[in-house]
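Colleague: predicted structure and sequence below. I'll ask about it afterward.
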Amino acid sequence: MRKIIRLKREALESCKFRGHNMTRFRTIREWEAISVCKTCGNSAFITAQPKPNEVEIMGSAVALYCS
């Protein structure tokens, strides 16, 4: 399984746990994608090639509960 697909699944699982209703991931680059909650607008961002100071899965939808 490609790394980007695994990251999308992990991010959506985390967002769902926090009560978000996420859109499909929109590809930014071949190794980056973003999804937005349809309810509150919080986002989840994934990158398969993080910079030294980044993580692979980030965003407010991953960290905060849906309002």
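Modeller: Structure's in. What do you need?
Colleague: so who does the residue nearest the centre of the chain touch?
Modeller: In the chain, the residue lying closest to the centroid (C-alpha atoms, centre = their mean) is residue 44, at 3.1 Å. With contacts defined as C-beta atoms under 8 Å, 6 or more residues apart in numbering, residue 44 is in contact with 11-12, 14-15, 20, 22, 34-36, 57-59, 61-62. Backbone N, C-alpha and C define where each C-beta goes, glycine included.
Colleague: among the residues you listed, which ones are in helices?
Modeller: Among these, DSSP state H puts 11, 12, 14, 15, 61, 62 in helices.
Colleague: tell me the pLDDT of the most far-flung residue of the chain relative to its centre.
Modeller: Relative to the mean C-alpha coordinate of the chain, counting by C-alpha atoms, centre = their mean, the farthest residue is residue 52 (18.6 Å). Listed pLDDT for residue 52 reads 94.
Colleague: regarding it, what is its secondary structure?
Modeller: Recorded secondary structure, residue 52: coil (DSSP: H, G, I helix; E, B strand; the rest coil).
Colleague: distance check, it against residue 3.
Modeller: According to C-beta to C-beta, to the nearest Å, residue 52 and residue 3 sit 18 Å apart.
Colleague: swap in residue 35?
Modeller: To residue 3, residue 35 is 17 Å away according to C-beta to C-beta.
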